[in-house]
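Participant: Sequence first, predicted coordinates after that:
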Amino acid sequence: MAAFEGMLPHHAWGSRYIGLQTPNLIGTDVKVFQTLFNLFQRYSDPPTGAMGAPITADGIFTLEAGRAVRAWQSYFGLSDDGIIGPAMGATLGQLTDAYGGPPFGSRLISTPRLSGGDIIVLGNRLACYRYVTVAGHAGRARMDAATRAAVMQLQQDMNAQGSDMGVPVDGLVRFETFDALWAYTCVGGRNLRQGRHGIDTLWLQRFLRSLGFYDGRADGYFTSVVASGVKAFQTSRRIAADGQVGPRTMYHVGQVFNKSAGLWP
């Protein structure tokens, strides 16, 4: 087991509904939520103030986590039911049917030449960071040797940085690597466009702001102002300026950002 999992039972992020119950739900998916919630708190500056204090990231869904879920839902205008389902999962960077599926994490990516939407998500998540220089592409639906090499570099970084000590360095995407991807690559799980709000949009806002293409708040809301910033970035890279962030734009994001997973602009 890697450091992130500890002794927690593994549950793929997005594979079940998460809410308060007796006994408390326990698992790595709960810890992914807790980790992402704390990252949003750390890196955002919403006009209405933070959703609350950082929460304990121990993989146990307690009353504290339940309050955090409701705060998140209220902030993003979601149904206030205290349950993490597909709609809330999308704002946390996990769109269930992204690129036609299967959902990212619903199967191991350990067989050469697998194809599907989850392979596109994998490539996108890697491409937004320095791993793009190894993979050489984003948005491909088939696993290849270059993507596996990029996964290995990610795994090496997780160990070297101490972000997730114990992740196997083999280029295979099993449960420890999925958890590292969900927790430490906050963008790439879906195309971004106006109206798609969440932690991935927050990361994008900070990236655009670091380049001078956006001067608004880092609040996780993809507005027309954010779209204008995306167009300015796309123009600077001489690619189609449509204000949307798909695989091609993610590829260019990674070439400019060029830092390890877990780091923010």
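Facilitator: Received the coordinates, thanks.

Participant: so Leu39 touches Gly198, yeah?
Facilitator: No - using CB atoms under 8 Å, Leu39 makes no contact with Gly198, being 11.6 Å away. For every residue, glycine as well, the C-beta is placed using N, CA and C.

Participant: So for the two, which residue has more residues nearby?
Facilitator: Gly198 (28 against 19; other CB atoms under 10 Å).

Participant: Wait, that one touches Gly89, no?
Facilitator: No - taking contacts as CB under 8 Å, Gly198 lies outside contact range of Gly89: 9.4 Å.

Participant: Quick check: neighbours shared by Leu39 and Gly198?
Facilitator: Residues touching both Leu39 and Gly198 by CB atoms under 8 Å, 6 or more residues apart in numbering: none at all.

Participant: Grab the most central residue of this protein for me.
Facilitator: The chain has Cys186 as the residue nearest its centroid, 2.7 Å off, counting by CA atoms, centre = their mean.

Participant: quick one, what contacts that one?
Facilitator: 36, 39, 93, 199-200, 202-203, 264.

Participant: Name only those of those that count as buried.
Facilitator: Buried members of those, scored by 16 or more other CB atoms under 10 Å, are 36, 39, 93, 199-200, 202-203.

Participant: Helices of the stretch 101-250 of the chain, start to end?
Facilitator: 117-127, 132-135, 145-161, 175-184, 199-210, 224-236, 247-257 (DSSP state H, counting those that start in this stretch).

Participant: For the shortest one, enumerate the helices and strands it packs against.
Facilitator: Secondary-structure packing of helix 132-135 (3 or more CB pairs under 8 Å, 6 or more residues apart in numbering; DSSP states H and E): helix 117-127, helix 145-161, helix 247-257.
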